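Undergrad: predicted model and sequence follow; I will ask about them next.
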Amino acid sequence: MAAKKPIRKAAAKRQPAKKASRAKARRRPTQKKAATSEVERLFAFYRRMLLIRRFEEKAGQLYGMGLIGGFCHLYIGQEAVVVGALSAIEAPKDSFITAYRCHGHALESGIEPKTVMAELTGRRDGVCKGKGGSMHLFALEKGFYGGHGIVGATAPLGTGLAFAHKYRGDGGVVLAFFGEGAANQGQVYEAFNMASLWKLPIVYIIENNRYGMGTAVERASAITDMYKHGESVGIPGKRVDGMDVEAVQKEVKFAADVARAGKGPVLLEMRTYRYRGHSMSDPAKYRSREEVAKIREKRDPIDHLSKMLLKHGKVKEEDLKEIDREIKAIVSEAADFAQESPEPEPAELLTDIWIEA
C-alpha cells in the first residue's frame with residue numbers, strides 16, 4: 001500500500017482548489033442532470049445499478065430460450081464497478097474500453113437498453129447492427145471503444161487510446177477495464193511499461209471477481225494483490241472495494257485526476273464478485289453455493305445502497321419498489337423490441353469492413 005502517498009501528494013500539488021470543476025466533470029452528457037442532494041445522488045446510483053442487474057437477468061432468460069447465441073457473460077454482482085467508474089469521468093471527452101463482460105458498460109455509456117438487447121439477439125436494430133453480439137458492443141460517439149474478446153487486449157488498446165489523447169492534447173483520460181484472469185498477460189505488462197515511460201493519461205482497472213474463467217486467483221497468480229502489478233514499471237496502485245459504488249467513484253476520480261495532470265498511469269484493483277458463472281455455459285462448480293449466498297447476503301452492492309437510502313429516511317421501501325417496477329418494464333420492453341427486430345440482411349456482411357479516406 002506504499003504507493004498511496006505518492007498518488008495523493010501529486011494530486012494535492014496539482015489542483016488544490018478545483019473541487020467545483022471536479023464535481024461538474026463527474027456528470028456525463030448521457031446521464032440525467034446532476035443530483036442536487038446526497039439522497040438524489042445515491043438514488044441515481046441505485047437506479048443505474050438496478051437497471052444493469054435486471055437487464056442481465058433478462059439476458060440470461062433469453063439465452064436460456066435460445067434467443068441469444070454464442071457466448072454470454074453476465075455482469076451480475078459487479079454493477080458498482082462500472083457505475084462508480086464511469087460517473088467519475090466525462091465521456092466522450094474521456095474514453096473507456098473493456099473486455100467481453102460488457103453489457104453493463106454499454107448501458108452505463110447511455111446506449112438504450114432495447115438497442116443493447118437487440119445486439120445481443122443479433123438483430124438489425126442492435127447497436128452494431130447485430131454483427132457484434134454479446135461480446136462486441138461499441139459506441140464511439142459516447143467514448144466507448146468496445147467490448148473485446150481477446151483476453152488482456154484492453155490494456156494495449158487502452159494504452160493506444162491514451163496515446164491518442166496525449167498526442168491530440170485534448171485533455172482526455174482513458175479507463176481500461178480487464179479482469180484479474182488477464183492481469184498476467186505479457187501484453188498487459190508491455191502496455192504498462194509504455195504508458196509509464198510516456199506518462200500516458202490512463203487508469204487501468206482490474207475487475208477482480210476472484211475466479212477468472214473458473215480458477216481461483218490464488219491458484220493462478222503468484223502476486224494476488226493485483227494493484228501491485230504495475231510497481232516494477234513505476235505505476236502506483238490501490239485496492240478498492242468494488243462492491244461500494246461510492247468508493248469506486250471516489251478512487252477512480254482521484255486516479256483520473258492524477259493521470260490527466262500528466263503524472264502518468266494509475267492501477268486500481270476493484271475487489272468485486274460475480275454471482276453467475278464465467279459465461280452462461282459455466283456451471284461454476286469450482287465454488288460452493290454457500291460462498292455465493294454469503295456474498296449476496298453480506299456484500300451485495302445494490303442491497304448495500306438500498307440500506308443506505310432507507311437509513312437517510314427520505315426514501316421509503318415503496319420508492320425502491322416503484323423504481324424496480326419501472327426498470328423491469330424498461331427491460332421487458334427491450335426484450336420485446338429485440339425479438340421483434342428483423343435479422344440483418346445477408347448484404348450486411350459486406351458493410352463496415354473498411355473505411356475509405
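TA: Yep, it's here. Numbering: from 1, shown residues only.
Undergrad: which SS class is residue 159?
TA: Using DSSP: H, G, I helix; E, B strand; the rest coil, the structure places residue 159 in helix.
Undergrad: give me every residue that touches it.
TA: Taking CB atoms under 8 Å, 6 or more residues apart in numbering, we find residue 159 in contact with 174, 176, 191, 194, 195, 200, 202. (C-beta placed from N, C-alpha, C; glycine too.)
Undergrad: please report phi then psi for residue 185.
TA: Note on residue 185: its backbone torsions stand at phi -70, psi 140 [degrees, to the nearest 10].
Undergrad: with residue 240 instead?
TA: Dihedral angles (degrees, to the nearest 10) for residue 240: phi -130, psi 140.
Undergrad: what is it paired to in the beta sheet?
TA: Applying DSSP bridges to residue 240 gives these bridge partners: residue 270.
Undergrad: mind listing the strands for this protein?
TA: Using DSSP state E, the strands assigned to the chain run over residues 95-98, 144-147, 174-179, 202-208, 237-241, 266-271.
Undergrad: tabulate those (JSON lines), appending mean pLDDT.
TA: Conversion of the strands of the chain to JSON lines gives the following (pLDDT from 0 to 100):
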{"stretch": "strand 95-98", "mean pLDDT": "98"}
{"stretch": "strand 144-147", "mean pLDDT": "98"}
{"stretch": "strand 174-179", "mean pLDDT": "98"}
{"stretch": "strand 202-208", "mean pLDDT": "98"}
{"stretch": "strand 237-241", "mean pLDDT": "98"}
{"stretch": "strand 266-271", "mean pLDDT": "98"}
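Undergrad: any chance of TSV for those strands, columns mean neighbour count and distance to residue 277?
TA: Converted to TSV, the strands of the chain look like this (neighbours: other CB atoms under 10 Å; distance: least, CB to CB, whole Å):
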stretch	mean neighbour count	distance to residue 277
strand 95-98	26	19
strand 144-147	23	18
strand 174-179	29	14
strand 202-208	30	16
strand 237-241	21	23
strand 266-271	26	19
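Undergrad: turn those into a markdown table, columns for distance to residue 295.
TA: Shown next, in a markdown table, are these (distance: least, CB to CB, whole Å):
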| stretch | distance to residue 295 |
| --- | --- |
| strand 95-98 | 22 |
| strand 144-147 | 25 |
| strand 174-179 | 17 |
| strand 202-208 | 13 |
| strand 237-241 | 13 |
| strand 266-271 | 11 |
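Undergrad: and these: which comes nearest residue 322?
TA: strand 237-241 (28.4 Å; CB to CB).
Undergrad: residue 184: which of the contacts of residue 159 is nearest?
TA: residue 191 (13.0 Å).
Undergrad: surely the closest one and residue 154 touch.
TA: No. With contact defined as CB atoms under 8 Å, residue 191 does not reach residue 154; the gap is 9.1 Å.
Undergrad: what is the burial count for the residue nearest to residue 221 when sequence neighbours are not counted?
TA: Counting by CB to CB, 6 or more residues apart in numbering, the nearest residue to residue 221 once its immediate chain neighbours are dropped is residue 184, at 5.9 Å. Residues lying near residue 184 (other CB atoms under 10 Å) number 16.
Undergrad: poorly predicted segments of the stretch 251-357 of the chain, please.
TA: Residue ranges of the stretch 251-357 of the chain with pLDDT under 70: 357.
Undergrad: recalculate using a threshold of 80.
TA: The model of the stretch 251-357 of the chain has pLDDT under 80 over residues 355-357.
Undergrad: which stretches of it form helices?
TA: Per DSSP state H, counting those that start in this stretch, the stretch 251-357 of the chain carries helices over the ranges 289-299, 301-312, 317-340.
Undergrad: residue 191 and residue 154: which is more packed in?
TA: residue 154 (32 against 27).
Undergrad: what's near enough to touch the more buried one?
TA: Taking CB under 8 Å, 6+ apart, we find residue 154 in contact with 97, 98, 99, 148, 176, 177, 178, 182.
Undergrad: just to revisit the earlier point, what's the closest of the helices of the stretch 251-357 of the chain to residue 85?
TA: Nearest of the helices of the stretch 251-357 of the chain (CB to CB): helix 301-312, 12.7 Å.
Undergrad: reformat the contacts of residue 159 as TSV; add distance to residue 344.
TA: What follows is the contacts of residue 159, written out as TSV (distance: CB to CB, whole Å):
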residue	distance to residue 344
174	31
176	30
191	34
194	38
195	37
200	37
202	35
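Undergrad: returning to what we had before: verify the contact between the residue nearest to residue 221 and residue 226 for me.
TA: No. Using CB under 8 Å, residue 184 makes no contact with residue 226, being 9.5 Å away.
Undergrad: and residue 329, how many residues sit next to it?
TA: So residue 329, with other CB under 10 Å, has 11 neighbours.
Undergrad: so it versus residue 201, what's the distance?
TA: Using CB to CB, to the nearest Å, residue 329 is found at 40 Å from residue 201.
Undergrad: repeat that for residue 39.
TA: Residue 39 is 33 Å from residue 201, by CB to CB.
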